[in-house]
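>>> Predicted structure and sequence below. I'll ask about it afterward.
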Amino acid sequence: MNRFEIIKRPLDTEKLDRMRDRENKFAFEIDLKANKTEVKQAVEQLFKVKVLDVKTSIVRGKFRRIGRSEGRRPNWKKAIVTLKEGDAIQLFEGK
């Protein structure tokens, strides 16, 4: 799996905004099969930063209804990456 397949998209919420400002942590949606080591290497190669820690969690898909039909959103995996002090990822800067 290459680094472009591991990291699907950055996540941006108000809670993650505060984490980014106070603790230098950034969040991404990642591939379900990716592990912490692969995520760390992918972030370091893509964004040229030093990763100190990676926390991962699987987010369970929600149940949804449209009229009488029911469905379920797919599960997805989230990674919260802690960067070295002074490093930043430019995707999130300049909001």
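Great, that's in hand. Numbering: from 1, shown residues only.
>>> Now tell me what touches the host helix or strand of K15 from outside.
In the assignment (DSSP states H and E), K15 maps to helix 14-23. Contacts to helix 14-23, defined as CB atoms under 8 Å, 6 or more residues apart in numbering, come from residues 25-27, 80, 82, 92. In this view, the C-beta of every residue, glycine as well, is placed from N, C-alpha and C.
>>> Now flag whichever of those is closest to R68.
A27 (35.9 Å; CB to CB).
>>> related to what we said a few turns ago, next, format the contacts of helix 14-23 as JSON lines and append distance to A42, secondary structure and pLDDT.
Shown next, in JSON lines, are these (distance: CB to CB, whole Å; DSSP: H, G, I helix; E, B strand; the rest coil; pLDDT from 0 to 100):
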{"residue": "K25", "distance to A42": "16", "secondary structure": "strand", "pLDDT": "95"}
{"residue": "F26", "distance to A42": "13", "secondary structure": "strand", "pLDDT": "95"}
{"residue": "A27", "distance to A42": "14", "secondary structure": "strand", "pLDDT": "96"}
{"residue": "I80", "distance to A42": "14", "secondary structure": "strand", "pLDDT": "97"}
{"residue": "T82", "distance to A42": "15", "secondary structure": "strand", "pLDDT": "96"}
{"residue": "F92", "distance to A42": "17", "secondary structure": "helix", "pLDDT": "63"}
